[in-house]
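**Student:** Can you look at this prediction? I've put the sequence above it.
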Amino acid sequence: MEKLFNRKVTVTLKYIVVAFVSSLMLMLIMSSFAKREYAISGFLTVGLIAIALTYLTNYSIPMKFFLPGMLFLFAFVVGPILYTVAMSGFQYSTGNYISKPVAIERIIATGIRPDANQTTFDIIVGEDNAKNLEILASDPTNKVYFLSTATTKTDLDPATVAVDGNGDATKAPGFHPLTPDQQNAVDQKLADTRFKYSSAYFITIEGSNVASLKSQTLTFNSSTDTFTNVQTGAIYKDNGRGDYANVANKAEFLQPGWRAPIWFSNYTKLFTDPQIRKPLIKVFIWTMVFASLTVLTQFALGLFVAMIMNRKLFGRRIYRSIFILPYAMPSIMSILIWGGMFDTEFGAINHLFGTHVHWFQNAMYARAAVIIVNLWLGFPYFYLICSGALQAIPAELSEAAAIDGASNRQIFRKITMPLLLQVVSPLLVASFAFNFNNFNIIYLLTGGGPSNTLGGDVAGSTDILISYTYKIAFGAGTQNLGLASAISVVIFIIIASISLYGIRRSKVLDSFK
Amino acid sequence: MKKFLKEDLWRHAFALVICFFVLFPIYLVFLSALSPTGSLQVTSFIPKTISFRNFHMLFSSPTIPYLVWMKNSIMIAGTVAILSVVIGAASAFAFSRLRFKGKKQGLQLLLLVQMFPAILSLSAVYVIMERVYSFAPRIGLGTQPGLLLVYMGGAMGVNIWLLKGFVDSIPLELDEAARVDGASAVQTYWLIFVPLAAPVLAVVSLLSFIGTFNEFILARLFLVDMHARTIAVGLQGFISGQYASNWGPFAAGSIIASIPLVAIFLSLQKYIISGLTAGSVKG
């Protein structure tokens, strides 16, 4: 031990670790900077400087203890929290997923149309002498032959050009055809290149040896930040919500949009947009009911069991080991097993009771199933807590009360319960807060269902806020990360107030010195 | 005897009812795992034939990389458990023993941060890791190291909080004595605190291990590749949508995955429970 903490050894070890971590971070800083992820590389740079300052100087001793934990907390907890708050102020959803410059590029790239005659050319893909992509285009019917790159077009004399049986040009001076393998390698670049034809028209590649004549329909004017459809004359303007909208018809957007700051719109939408507000209220009520019922049933059964066992009883240790089994098993497995047991056709529950209940197709049954399963999962926790608390209550109190003539019920209500609640109430609050966000049980047992998807319902009957938020963010339909973030922030405010209330009562804040 | 009837009989009666409630699903898992059909359907609650076909399938079927999933789960949960406690213990020690400016604010911030359910910032984590993937594909979205990093961050708040509670209960005299003898804070930490707190650190790592082993949603979002999955994601994907057909192997897999956790839990229940209450009483 002494040897291990020999100063030379530890100092060397410290430098090795610091050097290793720093070089890793430096690598990440450089690669993130190259990909223009400035926020991430900025964070990493600050982290790197902090590491150097902390471990190479003696500026702050506490920091030596805090820094690693702090870096992780900031990177993966505080950072995402701030990012969530930021995202909630953006139009950030399917169709508005990219940045504005990228969206403009995409609109320009897709806003093209074929020329009136739908002209096509037979082509050979190759390179010019300067290794630029070049095509050798032939229109055998009209005997038109030319070479074209992104910037130049060279007409060839039909009289001298070498043609094959179809009348397609086969070679041209300064043109080097690509092999199929080479062509595959530049596939994406080929598809994106616009080969020169005339000032209004250009050529895009359609297949390995066909290309067609196109012109730009949507033209972008960067000084006014508008798109104009040259065919219809329609003008599309940035509507401030992440889309270019037709000036004449505000509901017509160009695709794609981009993620644009819309400040508090996601929050106001929660209260004003009936399509969001209605399911949200429904889900919120069920969340409250679910969390309260869960805590109540778990606590009631846990307390009941603790009271039964609060006495020397034959086989008490065996009972105890059995009762805490649900708590010891991995909850994911238990939930999935219960899911199978509630199956209508094959499930053990219908088999046991000889019924044919559609547990997960009926809203009320599904809710009952969720509560039952959660009771099974959670009552052992309260059993353990309550039996500990019951044993801590001095026996003298109830004995004294009994001598004074109090009945068992009176002893329970006037002495045991108040003392117990004093210990347990912060845990009840914590359990409420936990179940408020108990995603696993909902997602794995019912998936939030049943829901009337035909009626356009996103929220199912057993969806709680967190599973509803998950559906909004990662669901099968439109994914709206901005809206989901706004709901997350609201949930956090609720949870934080509940927990802070619990903490205030447990007086833990007073112990901070 | 009369007293027994009056006092104990009803207790046993209720206890047995609750035992039935608790054991029913567990019994069924064993029933399905040992049945030769492997289907969810319960034909009889008493097994007529016992077969190990389902267990055999887990280890031999090429479509169920069960052992790989198990290995992934143990590796990920184990790494998180050890590293997050090693890192968290240092912070907890500083919060509990060192004096510095801003300690109160720091604790309040920690309290607030560890209350924030990780799942709420799920979409943010997703988007951030998607960006990380763009420049560092090895630690971004869809990779185990990426998931590990996110878990580490998530475990940090709770672990520091939990460990601080334990550290507070270790008597001050020892490290004061060390300091009088001229030990620095770093030396006190390594030579006095770590050996003393070793059992506590072990318990918190265990809690951390169980928590990570049970984590589902991040793992599901991150690990798409069949061979990268954890046991929870693997088994879930394996029965979702087709409860009936894969039920037997699923039950067998659940039993094997549960045994180590249940064993750990039952043998260390005293410590684990005190840890759980300490953590939640204080936040």
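**Tutor:** Perfect, thanks for sending it. Residues are numbered from 1 along each chain as shown, chains lettered A, B, ... in the order given.
**Student:** From start to finish, how long is stretch A:204-221 in a straight line?
**Tutor:** 22 Å (Cα to Cα, to the nearest Å).
**Student:** Give me the buried stretch members for the strand or helix carrying A:Y236, please.
**Tutor:** Per DSSP states H and E: A:Y236 is located in strand A:235-238. Within strand A:235-238, the residues that count as buried by 16 or more other Cβ atoms under 10 Å in any protein chain shown are A:235-236, A:238. C-beta here means a position set from N, CA and C on the backbone, and glycine is covered the same way.
**Student:** so can I have TSV of the residues you listed showing pLDDT and distance to A:I335?
**Tutor:** Converted to TSV, those look like this (pLDDT from 0 to 100; distance: Cβ to Cβ, whole Å):
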residue	pLDDT	distance to A:I335
A:I235	86	55
A:Y236	88	49
A:D238	86	47
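**Student:** neighbours around the residue of chain A found nearest chain B, how many?
**Tutor:** Chain A approaches chain B most closely through A:F76 (2.3 Å), counting by Cβ to the nearest Cβ. By other Cβ atoms under 10 Å in any protein chain shown, the residues close to A:F76 number 24.
**Student:** is it true that it touches B:V125?
**Tutor:** Yes. Using Cβ atoms under 8 Å, A:F76 makes contact with B:V125 at a distance of 7.1 Å.
**Student:** any residues in contact with both of those two?
**Tutor:** Shared contacts of A:F76 and B:V125 (Cβ atoms under 8 Å, 6 or more residues apart in numbering or on different chains): B:V150.
**Student:** For the chain, give me the ranges with low pLDDT.
**Tutor:** Because you didn't say which chain, this covers chain A. A:1-6, A:452-457, A:506-513 (pLDDT under 70).
**Student:** You answered for a different chain; I wanted chain B.
**Tutor:** Short version for chain B, where the test is pLDDT under 70: B:1-5, B:241-245, B:272-283.
**Student:** If we ignore the residues flanking it in sequence, what's nearest the most centrally placed residue in it?
**Tutor:** Nearest to the geometric centre of chain B sits B:I210, at 1.7 Å (Cα atoms, centre = their mean). Computed as Cβ to Cβ, 6 or more residues apart in numbering or on different chains, the closest residue to B:I210 that is not its neighbour in sequence is B:L261, at 6.2 Å.
**Student:** quick one: the one you found is in a helix?
**Tutor:** Yes. B:L261: assigned to a helix according to DSSP: H, G, I helix; E, B strand; the rest coil.
**Student:** A:V289: neighbour count?
**Tutor:** 13.
**Student:** Next one: whichever strand or helix holds it, is it in contact with chain B?
**Tutor:** Using DSSP H and E, A:V289 sits in helix A:274-309. Yes. Using Cβ under 8 Å from any Cβ of the partner chain, we find that helix A:274-309 touches chain B at A:301, A:304-305, A:308-309.
**Student:** For the residues you listed, which single residue is the most surrounded?
**Tutor:** Ranking the residues of helix A:274-309 next to chain B using other Cβ under 10 Å puts A:V305 first, with 24 neighbours.
**Student:** if I read this right, it contacts A:F379, doesn't it?
**Tutor:** Yes. At 7.0 Å, A:V305 counts as touching A:F379 under the criterion of Cβ under 8 Å.
**Student:** Would you map the strands across the stretch 201-350 of chain A?
**Tutor:** Along the stretch 201-350 of chain A, the segments classed as strands by DSSP state E, counting those that start in this stretch run A:201-205, A:210-216, A:218-221, A:226-229, A:235-238, A:244-246, A:260-261.
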